[in-house]
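A.B. asks: whatever this is, show me its structure:
(one chain, ligands or ions: 1)
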Amino acid sequence: MNLSHFYHAIAGAALLTASMANAADIIPLPSTIAKGETAYTFPAEATFIVPAYEGDSIATLFTLIQPAIEKNAGTKLTKGTEAGDIILKTNPALSAEAYTLEVKPEGIVIEASRPAGFFYALQSLRQMLPAVASAAPATIETVTIADEPRFGWRGFMLDEGRHFFGKDEVKRVLDIMAMYKLNRFHWHLTEDQGWRIEIKKYPKLTEVGATRKSKSLGWRKMDPDTITYSGFYTQDDIREIVRYAKDRFIEIVPEIDIPGHTQAAVAAYPELLACDPENPHEVWLMQGVSRDVMNVANPAAVQMAKDIIDELEPLFPFGYLHLGGDECPTDKWEANAACKALLDSIGSTNYRDLQLDFYRKLTDHIAAKPADKQRKLIFWNEVLHGNTNLLPLNFTIMAWVGADAAAKEAAQRGLTTILTPQIPYYINRKQSPLSGEPLSQGSGTETLEAVYNYVPMKDVPAELTDKYMGVQGNFWSEYVITPEFLEYLMLPRLAAIAEAGWTPQAKRSYDDFHKRIRTHEDIYRANDWNYGRHAFAKEACTKCAGHTAE
Ligand code: ACM
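C.D. replies: You can find the predicted model right below:
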């Protein structure tokens with residue numbers, strides 16, 4: 001320890017105060033954490049050391065986080081050569097996302113084997129710093145952390161089909177995900193109510209399919225309005241967001257929901273996609289499940305799906321592609337001669353099998369590509385209602401309705417699975433039963449506590465556990481038009497899901513989480529993220545009209 005470190009250590013111990021950021025408040029809770037007795041005070045001018053790694057990617061990720069550390073730790077960081085106040089070292093014995101983080105009176109040492117581990121260590125460190133800019137060098141508690149995630153898949157899905165939030169908001173969502181060490185952004189880009197991604201070979205998908213004649217979506221007695229509503233991502237926008245996510249160790253999984261939930265696409269290309277092209281088709285103005293699904297017996301519709309997959313592949317360099325598959329009514333297929341003939345030809349009487357046959361054609365198309373252009377497919381669990389043996393059993397089931405049973409069934413059929421239980425992981429639903437809660441789905445039973453207390457993989461037989469890839473929160477936007485409302489419903493519940501994805505079940509406790517989440521309010525405020533106030537101070541939410549605090 002040099003002399004300046006010695007004085008910092010003494011000063012740090014003396015400055016241990018109640019207002020100091022607390023290592024034990026990290027979310028998700030690290031798998032092991034041991035609080036020290038003393039403290040570390042950053043020098044006004046600190047040095048850091050980063051190890052060499054292919055393409056200097058550890059240095060790059062450090063550079064991304066450096067300004068936030070400097071601001072909130074009240075220090076100026078420069079790259080050191082031998083000694084350093086913050087030392088990053090590679091440790092090949094650690095798994096890909098694991099890290100150790102030691103805060104000692106004389107400095108901070110982080111070890112990981114891969115860039116992702118360093119990124120997560122720095123997220124933990126950021127949570128230990130004051131949430132706002134420090135005028136003077138900050139003091140933090142000493143701590144020893146050895147941490148790694150429970151699951152490899154820790155996701156969040158955003159539906160932009162019903163409402164479009166745009167690039168800036170998606171980046172804010174990615175920032176929130178990164179803070180909570182979530183690593184999969186499932187981007188639901190197509191719906192009955194809007195097609196939100198430019199496809200160059202089929203320009204009408206966005207020229208026609210991205211615009212509808214109502215901003216709000218009608219539901220039961222609630223009529224649509226008359227406001228023209230529009231929005232989509234260009235391929236340049238997509239590349240920018242994929243890059244932004246990648247820098248934060250988040251892989252983007254696009255979802256093109258086919259052959260159901262496709263009324264916007266059918267409206268754009270009725271001659272290729274409609275089961276009844278002679279009838280008028282428009283982008284849907286209502287909530288619910290449209291019957292206007294793709295005609296899977298039309299070779300032009302199958303070709304269009306293949307062409308779309310071909311355009312998605314270079315835009316989304318990650319290994320997975322979600323092709324939807326939920327809530328696909330078969331009425332129009334049952335009334336269509338070509339669909340009936342196709343069903344006969346595959347020797348089935350179950351119209352769901354037309355959907356499986358369609359996916360088989362797309363699977364074959366993908367399998368014919370070079371290995372680096374292939375993608376593993378994900379489907380919603382309704383696909384299990386068809387004959388999954390029509391396809392190679394190498395896809396993943398995202399289990400949402402009756403999630404635990406569906407996931408188990410998928411695993412028993414030899415399929416991998418991801419848990420996204422509608423109740424309670426659909427965090428677009430109301431988060432309290434308070435009468436002033438803004439209009440959204442549900443009746444308020446998906447509270448922070450209910451979300452937290454879902455136990456992933458409860459009672460799963462040991463021989464099936466390796467099929468479970470992880471957990472994901474989903475956000476459907478039928479009622480959610482503004483970014484403020486999106487954030488209000490998302491936070492803090494996304495933090496509860498992140499902890500289920502990261503922390504061993506045996507270490508999870510809502511009481512403990514509740515204490516920790518309360519300290520995150522400062523982080524939300526500092527970033528100007530909106531959030532549900534229910535778990536925090538008793539004050540009114542100013543950004544959500546009609547909301548009354550508990
Ligand atoms: C879904 O909630 N329809 C996947």
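A.B. asks: just give the nearest non-adjacent residue to residue 93, would you?
C.D. replies: Leaving aside its sequence neighbours, residue 93 sits nearest to residue 113 (CB to CB, 6 or more residues apart in numbering; 7.1 Å). (C-beta placed from N, C-alpha, C; glycine too.)
A.B. asks: return the distance of that neighbour relative to residue 66.
C.D. replies: The gap separating residue 113 from residue 66 is 22 Å, by CB to CB, to the nearest Å.
A.B. asks: can you give me the helices for the stretch 301-450 of the chain?
C.D. replies: Here the stretch 301-450 of the chain has its helices, by DSSP state H, counting those that start in this stretch, at 331-334, 337-345, 352-367, 403-412, 422-425, 448-453.
A.B. asks: will you turn the ones you listed into a markdown table that also has mean neighbour count, distance to residue 35 and mean pLDDT?
C.D. replies: Output for the helices of the stretch 301-450 of the chain, formatted as a markdown table (neighbours: other CB atoms under 10 Å; distance: least, CB to CB, whole Å; pLDDT from 0 to 100):
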| stretch | mean neighbour count | distance to residue 35 | mean pLDDT |
| --- | --- | --- | --- |
| helix 331-334 | 17 | 61 | 98 |
| helix 337-345 | 14 | 63 | 98 |
| helix 352-367 | 19 | 50 | 98 |
| helix 403-412 | 20 | 36 | 98 |
| helix 422-425 | 21 | 31 | 98 |
| helix 448-453 | 20 | 23 | 98 |
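A.B. asks: can I get these in JSON lines with distance to residue 433?
C.D. replies: Below are the helices of the stretch 301-450 of the chain laid out as JSON lines (distance: least, CB to CB, whole Å):
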{"stretch": "helix 331-334", "distance to residue 433": "36"}
{"stretch": "helix 337-345", "distance to residue 433": "44"}
{"stretch": "helix 352-367", "distance to residue 433": "36"}
{"stretch": "helix 403-412", "distance to residue 433": "23"}
{"stretch": "helix 422-425", "distance to residue 433": "14"}
{"stretch": "helix 448-453", "distance to residue 433": "11"}
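A.B. asks: CSV for the ones you listed, including distance to the ligand?
C.D. replies: Shown next, in CSV, are these (distance: least, CB to the nearest ligand atom, whole Å):
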stretch, distance to the ligand
helix 331-334, 18
helix 337-345, 22
helix 352-367, 14
helix 403-412, 10
helix 422-425, 6
helix 448-453, 16
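A.B. asks: out of these, the one nearest residue 303 is which?
C.D. replies: Evaluated over the helices of the stretch 301-450 of the chain, closeness to residue 303 peaks at helix 352-367, with 9.5 Å, by CB to CB.
A.B. asks: just the angle for that closest one relative to helix 337-345, thanks.
C.D. replies: What separates the directions of helix 352-367 and helix 337-345 is an angle of 80 degrees, with axes from the mean of the first three to the mean of the last three CA atoms, to 10 degrees.
A.B. asks: scan the helices and strands of this protein for the one with the lowest mean pLDDT.
C.D. replies: Lowest by mean pLDDT, DSSP states H and E among the helices and strands of the chain is helix 3-14, with a mean of 42.
A.B. asks: surely residue 514 touches residue 520?
C.D. replies: No - between residue 514 and residue 520 there is no contact under CB atoms under 8 Å: 11.0 Å.
A.B. asks: who's more crowded, those two?
C.D. replies: residue 520 (23 against 15; other CB atoms under 10 Å).
A.B. asks: the more buried one and residue 27: what is the separation?
C.D. replies: 6 Å.
A.B. asks: pull out the buried positions in stretch 311-330.
C.D. replies: 312-313, 315-316, 318, 320-328, 330 (16 or more other CB atoms under 10 Å).
A.B. asks: what about stretch 162-177, average pLDDT?
C.D. replies: In this model, stretch 162-177 has a mean pLDDT of 98.
A.B. asks: and the contacts of it?
C.D. replies: Contact with stretch 162-177 is made by 156, 158, 183, 185, 187, 191, 193-194, 196, 210, 217, 229-233, 237, 240-241, 244-245, 248, 250, 287, 476-478, 480-481, 483, 486-487, 490-491, 494, 527, 529, as judged by CB atoms under 8 Å, 6 or more residues apart in numbering.
A.B. asks: for residue 39, phi and psi?
C.D. replies: Main-chain dihedrals, residue 39, degrees, to the nearest 10: phi -150, psi 170.
A.B. asks: that should have said residue 254, apologies.
C.D. replies: phi -80, psi 150.
A.B. asks: wait, doesn't it sit right on residue 323?
C.D. replies: No - the pair residue 254 / residue 323 is not scored as a contact, 9.8 Å apart, by CB under 8 Å.
A.B. asks: distance check, the closest residue to residue 181 other than its chain neighbours against residue 148.
C.D. replies: The spatially closest residue to residue 181, leaving aside those adjacent along the chain, is residue 120, at 5.2 Å (CB to CB, 6+ apart). Distance, residue 120 to residue 148, using CB to CB: 9 Å.
A.B. asks: list residues touching both of the two?
C.D. replies: With CB under 8 Å, 6+ apart as the test, residue 120 and residue 148 both reach 97, 99.
A.B. asks: quick one: which of those two has more around it?
C.D. replies: Ranked by neighbour count (other CB under 10 Å), residue 120 and residue 148 place residue 120 first, with 26 against 19.
A.B. asks: which elements pack onto the one helix or strand that one maps to?
C.D. replies: Here residue 120, judged by DSSP states H and E, is contained in helix 115-128. Of the remaining helices and strands, those touching helix 115-128 by 3 or more CB pairs under 8 Å, 6 or more residues apart in numbering; DSSP states H and E are helix 57-73, strand 99-104, strand 107-112, strand 139-147, helix 167-179.
A.B. asks: among these, which comes closest to the ligand?
C.D. replies: Of all the helices and strands packed on helix 115-128, helix 167-179 sits nearest to the ligand, with 18.5 Å by CB to the nearest ligand atom.
A.B. asks: good, we can wrap up now.
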